[in-house]
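> sharing a model prediction with you, sequence too.
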Amino acid sequence: MNATAAGSDAAMNGFTNFLTKAAEFYLSAPTFFNWAGPVLVAIAGGIIWLAYFLGGKFAESEINGLKAQIAALDQRFSLAKEQTAEAAKEAADLKSSVEKLQVQIKNREPEEVLTRSSKLLDANVNRVLSANTAAQGYLISTGFNEKGVLRWRPMTEEEIQKEIDQR
């Protein structure tokens, strides 16, 4: 007789002993099992139903939280698109100012005209830079890192204040 056969015989004997003891236990108090069985099944069913119900509620709340995060990201993205459009408009204005200054230099306009044009050009450069910074700020605050990969993170207090100041 090999070890596998001996192990299966021992397991079979153990299972037979278990069934014998279970039958003796049932026969010693059958009334208890007649009323306790349905109660235990009802309790187990209630626990299973409660776990299922709570799991659904937790999943639903997590879905709602993710939807709120998506809505916030969409809002930030639309703000960034607006700022990008503003930066493009400012860049076009800057280009026309540079072309105008080049024409004035070519025509040898008076010094005060060139000074006024250069101040206007300087103001346009500052507007382009601020519009570009604002667009970048909206994108970074939504979780876009330097490589352009979206990673959600909450805005810091400093970023919130900067955003409020820009508006």
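Thanks, I have it.

> remind me, longest helix of this protein?
Longest helix of the chain, by residue count under DSSP state H: helix 30-106.

> helices and strands around that one, which ones?
Applying 3 or more Cβ pairs under 8 Å, 6 or more residues apart in numbering; DSSP states H and E, we find helix 30-106 packed against helix 111-141. The way it works is simple: take the backbone N, C-alpha and C, and place the C-beta from them, glycine included.

> quick check: pLDDT value at the residue nearest to residue 109 when sequence neighbours are not counted.
Among residues not flanking residue 109 along the chain, residue 117 sits closest, at 8.0 Å (Cβ to Cβ, 6 or more residues apart in numbering). Looking at residue 117, its pLDDT stands at 79.

> before we move on, what about residue 50?
Confidence score, pLDDT, at residue 50: 94.

> ok, it to residue 59 distance?
Distance, residue 50 to residue 59, by Cβ to Cβ, to the nearest Å: 15 Å.

> low-confidence ranges, this protein, go.
1-7, 132, 134-156, 160, 163-164, 166-167 (pLDDT under 70).

> how about 90 then?
Across the chain, the ranges flagged by pLDDT under 90 are 1-15, 19, 22-41, 61-62, 64-167.

> now do the residue nearest to residue 109: how many residues are near it, please.
Residue 117 has 19 neighbours, counted by other Cβ atoms under 10 Å.

> any figure for the gap between it and residue 97?
Residue 117 is 7 Å from residue 97, by Cβ to Cβ.

> just residue 49 next, same as before
When Cβ to Cβ is the yardstick, residue 49 and residue 97 sit 71 Å from each other.

> the two: which is more packed in?
With neighbours defined as other Cβ under 10 Å, residue 49 and residue 97 compare such that residue 97 has more, 18 against 10.

> wait, the more buried one touches residue 124, no?
Yes. Residue 97 is within contact range of residue 124, at 5.0 Å (criterion: Cβ atoms under 8 Å).

> list the contacts of the residue nearest to residue 109.
Contacts here follow Cβ atoms under 8 Å, 6 or more residues apart in numbering; on that basis residue 117 touches 97, 100, 101, 104, 109.

> tell me the buried residues within the residues you listed.
97, 101, 104 (16 or more other Cβ atoms under 10 Å).
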